[in-house]
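> Please find the sequence and the predicted model below.
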Amino acid sequence: MPVDERTRIEPVQAGRTAAFRRTHEREALSTEWKFRVVWHEQRHELAALDDATVVGVLGLRIAASLAHVDSLIVEPERRRTGLGRRLLERAEILANYYNCHKVTLEAPAGYPAAAFFEACGYKIEAVLPQHTWKLDVAVMRKFLL
């Protein structure tokens with residue numbers, strides 16, 4: 001089917017595309033990866049709490065037996081106390097519960113964050129040159145099984 005020149009391409013809010021994604025995403029992923037994808041993506045938010053105050057957070061996505069750390073943020077005064085490591089360990093327990101065999105994340109290559117993740121057992125799979133904010137990004141992983 002030829003492209004209709006009257007079809008507009010424009011930015012929209014994520015909610016505007018949710019129904020389309022629910023209808024078509026699984027088939028598109030199955031076509032892309034050349035196998036039937038069972039793709040039940042979940043998002044999890046873990047928080048380190050001191051009484052009722054949030055002092056650290058970790059965002060985790062789980063899909064197709066893989067977990068991905070989107071973000072790990074610890075309050076500046078609480079860094080280097082083991083709190084980030086504890087959040088990461090809790091994320092790995094959660095990932096293991098959902099039968100994930102691997103956790104992945106990205107960190108600026110050659111910077112303290114990458115060294116932190118290496119100290120937590122993550123290995124560099126690849127370095128993407130000038131990938132994000134024109135920095136080299138280390139794609140890191142840790143096998144759970």
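Happy to help now that I have it.
> Which strands and helices lie in contact with the helix or strand Val69 falls within?
According to DSSP states H and E, Val69 maps onto strand 66-74. If you count contacts as 3 or more C-beta pairs under 8 Å, 6 or more residues apart in numbering; DSSP states H and E, strand 66-74 packs onto strand 53-63, helix 83-97, strand 102-108. Bear in mind the C-beta positions are built from the backbone N, C-alpha and C, glycine included.
> Residues contacting that strand, please?
48, 55-62, 83-84, 87-88, 91-92, 94-95, 98, 100-105 (C-beta atoms under 8 Å, 6 or more residues apart in numbering).
> Among those residues, name the buried ones.
48, 55-56, 58, 60, 62, 83-84, 87-88, 91-92, 94-95, 100, 103-105 (16 or more other C-beta atoms under 10 Å).
> SS state for Arg16?
Counting by DSSP: H, G, I helix; E, B strand; the rest coil, the backbone at Arg16 sits in helix.
> residues near it, how many?
Residues near Arg16, counting by other C-beta atoms under 10 Å, number 9.
> How much space separates it from Glu25?
Applying C-beta to C-beta, to the nearest Å, the value for Arg16 to Glu25 is 15 Å.
> could you give the angle of the helix or strand bottoming out on mean pLDDT in the chain to strand 53-63?
Every helix and strand of the chain was ranked by mean pLDDT, DSSP states H and E. The lowest is helix 14-33, at a mean of 85. Following axes from the mean of the first three to the mean of the last three C-alpha atoms, to 10 degrees, one obtains 40 degrees for the angle between helix 14-33 and strand 53-63.
> Pull the distance from helix 14-33 to the chain's centre.
18 Å (C-alpha atoms, centre = their mean, to the nearest Å).
> What of stretch 110-128?
15 Å.
> next one: stretch 55-69
Relative to its chain's centre, stretch 55-69 lies at 5 Å (C-alpha atoms, centre = their mean).
> quick one: terminal-to-terminal distance for that stretch?
Using C-alpha to C-alpha, to the nearest Å, the end-to-end distance of stretch 55-69 comes out at 18 Å.
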